[in-house]
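*Asks:* got a predicted structure plus its sequence, pasted below:
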Protein chains: 2
Amino acid sequence: MSVTLKDVAQAARVSVSTASRALTGTGLTSERTQQRLTRIARELGYRPNPIARGLKTGQSRLVALLVHNLTNASFQVMAEVIQARLKALGYQMLLCIGGDDPEQESDTLTTLVDHRIDGLIVVPTGKNGAQLKALSKEVPIVCLVRRDDATDLETVLADDPQGAYLGTRHLIELGHKRIGLIVGRQDTTSGRERLSGYVRALREAGIAMDGTLVHAGHFVPETGATCARKLLDLLRPPSAIFVANHEATLGVLRVTAERNIAIPDDLSLLCYEDMPWFEWHRPAISIVDNGARDLANLAVDRLLHRMDAKGNGNDGVREYRVGARLIKRDSCRPIESASKPKSSKSKSSAAKSAKV
Amino acid sequence: MSVTLKDVAQAARVSVSTASRALTGTGLTSERTQQRLTRIARELGYRPNPIARGLKTGQSRLVALLVHNLTNASFQVMAEVIQARLKALGYQMLLCIGGDDPEQESDTLTTLVDHRIDGLIVVPTGKNGAQLKALSKEVPIVCLVRRDDATDLETVLADDPQGAYLGTRHLIELGHKRIGLIVGRQDTTSGRERLSGYVRALREAGIAMDGTLVHAGHFVPETGATCARKLLDLLRPPSAIFVANHEATLGVLRVTAERNIAIPDDLSLLCYEDMPWFEWHRPAISIVDNGARDLANLAVDRLLHRMDAKGNGNDGVREYRVGARLIKRDSCRPIESASKPKSSKSKSSAAKSAKV
DNA sequence: CGATAGACTGCAAACGATTGCAGAGACGTT
DNA sequence: AACGTCTCTGCAATCGTTTGCAGTCTATCG
């Protein structure tokens, strides 16, 4: 069907081996034949068969990215960044959707390795540690966003403790003392870490932790709404809510709309991870940005490094953290001098009181 | 490294060919050896090497899906549906992002074909018709959502004329006579077809078409905002806006929020294609659903059909339409008996003041 | 001028599977 | 007993590359 190396060789009246060497540029052929062959190959429209090549070399120029889903905006941008980076290097990215389902993850994993992918970036479910570990002997693997504690794989993580700390501190600096937190499952790294950042900021500010203000769980928008209601129904409801789980955001917004709670006048709202519509929303929603682009880029860097350093890519470092940053938009505002009967409790004093 | 067929054959003391036949279940081996070999293969953890197999058979059990981007919610659900369907059939889906860029599309296309994919579902940019046509001789191809006029490829399309007609008629039935339309580029099929549906509904209702109410172009949220402003600044602004291009929706919402135009009281809003947050938005946004799931499923059906019918999958039909349907939520409301000079100019007057 | 290195080239064996062809038995028929 | 048929198995070629090894040719040096 298509033009093979043999055809090129015949047309050029050389052996297949010479043709191969000339076209792959091993420097073992004379300048002249090399040029002649590249020309002929071009004329004939020859394109090497990656399958045959792969069979011989054990490589495929394929790199896989395995994520949970595509609805998460962070995964979208990561996928696009990674694809662009790899493409520039001549790799084809294979994007797979694992659905956060361990069994499917396991299946996909073996399929991929069987296809002799050259590298893998995976957001692990955390339930297939053993398999991942075994696979990492056959192909370079980098974990992204989540850690699999059962492995010692190189992992690129968002700095969730820092991000949550930053966000909470921002709210505290605005004078908020009762800050509701809606956070992800506590059996995930990010769930735990975000909670810890929240706790740290509170402690640092000398604010006592109030358990009724914290809701953790596996969120969908509905649960987000439920939690928001619970928070707002409290005798002393929070003056700010930190939604540290992006799945929950929609639900929270719904509830505030239903109850005609004005943001940010009646309630400050801070979310984690950006969504394309956040800055178009009215009011534009302030967020803690987990740095998806940076995460993706770093993951690619690490993967390439491991792919180069055949086998012994062990640099000692196992975990990389990508800084989070606060993006202030319009959904958070300073609280009006709350309990103090005094005057002029503006920002400076609010910030000060926060430290105590 | 890994267990090969040869290893299995040796362990079973048979030839490689027998092993192959037994394991692929050709029925050319005795029941006994077949069972024995499957057992041994399992014990040894043998997994066939798809690359070697592919070299011989010319197949890869890989099917590619090439889309423009992942931010479009429709593409997300299509990708997930297609992946699930294919997976169940033992195919691995290769998801590629073309960025709506003809050159990148072309590149990706050749890479994919070189990798001997077994099938391809593509949302064509429309600029690589010749290449697609040529490729379709080597691998079954189905176009999705967009047609490439330069080819006669089988194409699965949303019924955009019908969808736009349905939406417009809905607004008309609610009493709207001045309906703004924000629609995509007129050099895309969907752009043209949605406009035509709008026009048809208007004509059928005996409403004269007003050119100032229609904006077509290549949209990003910013442009959506600009168009919304132009529409609302009109001397006689529309009482409803049909945003038939999902990229523009965010911009339109932004403008209505800025101007304190209440939806649906002051302005009815209808959008095309669903977004996960539409039903959580306040008010929940009514839409014309293009039937992404159905589109994806049909595309898979057609592709599988072509993959089965080696070569002559030509059924005569070249174009499939998937019905659109209206999903009424809260962003459209009947217009108050419009031209009557009666009292109760409350809300509409607010909208009016907004324009001035 | 002969030896020798050096630069190219070709032969053939891989890589791991599939598959046409033919041989080896087992069995039934005449 | 001879023959044909049928079922199962193995040999070897093949898919399109890469690559170790050995051979050819030219040029250089003593």
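*Replies:* The structure has been received and is ready for your questions.

*Asks:* work out for me the element the residue of the stretch 101-250 of chain A found nearest DNA strand D sits within.
*Replies:* Closest to DNA strand D within the stretch 101-250 of chain A is A:R116: 12.9 Å, counting by Cβ to the nearest atom of the strand. C-betas here are computed from N, CA, C, even on glycine. Assigning secondary structure by DSSP states H and E places A:R116 outside every helix and strand.

*Asks:* what sits against it?
*Replies:* Listed by Cβ atoms under 8 Å, 6 or more residues apart in numbering or on different chains, the contact set of A:R116 reads A:G54, A:G58, A:Q59, A:S60, A:L62, A:V139, B:N49, B:I51.

*Asks:* out of those, which touch DNA strand C?
*Replies:* Contacts with DNA strand C within the contacts of A:R116, as defined by Cβ under 7 Å from any atom of the strand: B:N49.

*Asks:* just the buried members of the contacts of A:R116?
*Replies:* A:G54, A:S60, A:L62, A:V139, B:N49, B:I51 (16 or more other Cβ atoms under 10 Å in any protein chain shown).

*Asks:* let me have the residues you listed in CSV, extended by pLDDT, distance to DNA strand D and secondary structure.
*Replies:* Shown next, in CSV, are the buried ones among the contacts of A:R116 (pLDDT from 0 to 100; distance: Cβ to the nearest atom of the strand, whole Å; DSSP: H, G, I helix; E, B strand; the rest coil):
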residue, pLDDT, distance to DNA strand D, secondary structure
A:G54, 94, 8, helix
A:S60, 91, 12, coil
A:L62, 92, 16, strand
A:V139, 93, 18, coil
B:N49, 95, 11, coil
B:I51, 95, 9, helix
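
*Asks:* what is the nearest of these to DNA strand C?
*Replies:* Comparing every one of the buried ones among the contacts of A:R116 with DNA strand C (Cβ to the nearest atom of the strand), the shortest separation belongs to B:N49, at 3.6 Å.

*Asks:* the closest one contacts A:H115, correct?
*Replies:* No: counting by Cβ atoms under 8 Å, A:H115 is not a contact partner of B:N49; they are 9.1 Å apart.

*Asks:* pLDDT score for the residue in the stretch 151-300 of chain A positioned nearest to DNA strand C?
*Replies:* Closest contact between the stretch 151-300 of chain A and DNA strand C, by Cβ to the nearest atom of the strand, is at A:L153 (25.2 Å). pLDDT, A:L153: 92.

*Asks:* pretty sure it sits in a helix.
*Replies:* No: under DSSP: H, G, I helix; E, B strand; the rest coil, A:L153 falls outside any helix and is assigned coil.

*Asks:* need phi/psi at A:Y272.
*Replies:* Backbone torsions for A:Y272, taken as degrees, to the nearest 10, come to phi -110, psi 140.

*Asks:* cool, A:V67 as well?
*Replies:* The phi/psi pair for A:V67 (degrees, to the nearest 10) is phi -120, psi 170.

*Asks:* excluding chain neighbours, what is closest to it?
*Replies:* A:F75 (4.7 Å; Cβ to Cβ, 6 or more residues apart in numbering or on different chains).

*Asks:* name the element the one you found belongs to?
*Replies:* helix A:73-88.

*Asks:* pull the residues that contact that helix.
*Replies:* Under Cβ under 8 Å, 6+ apart, the answer for helix A:73-88 is A:63, A:65, A:67-70, A:92-93, A:95, A:121, A:123, A:144-145, A:246, A:273-276, A:290, A:292-293, A:295-297, A:299-300, B:69-71, B:96-97, B:104, B:107.

*Asks:* what about the closest residue to the residue of the stretch 151-300 of chain A closest to DNA strand C other than its chain neighbours, distance to A:N49?
*Replies:* With sequence-adjacent residues excluded and distances taken as Cβ to Cβ, 6+ apart, A:L153 is closest to A:C143, at 5.1 Å. Computed as Cβ to Cβ, to the nearest Å, the A:C143 to A:N49 distance reads 33 Å.

*Asks:* next: A:R321.
*Replies:* Taking Cβ to Cβ, one finds A:R321 at 42 Å from A:N49.

*Asks:* do A:A257 as well
*Replies:* 58 Å.

*Asks:* before we move on, what about A:Q186?
*Replies:* 50 Å.

*Asks:* go on, A:D266?
*Replies:* Taking Cβ to Cβ, one finds A:D266 at 65 Å from A:N49.

*Asks:* same deal with A:H305?
*Replies:* Distance from A:H305 to A:N49, by Cβ to Cβ: 29 Å.

*Asks:* many thanks, we can stop here.
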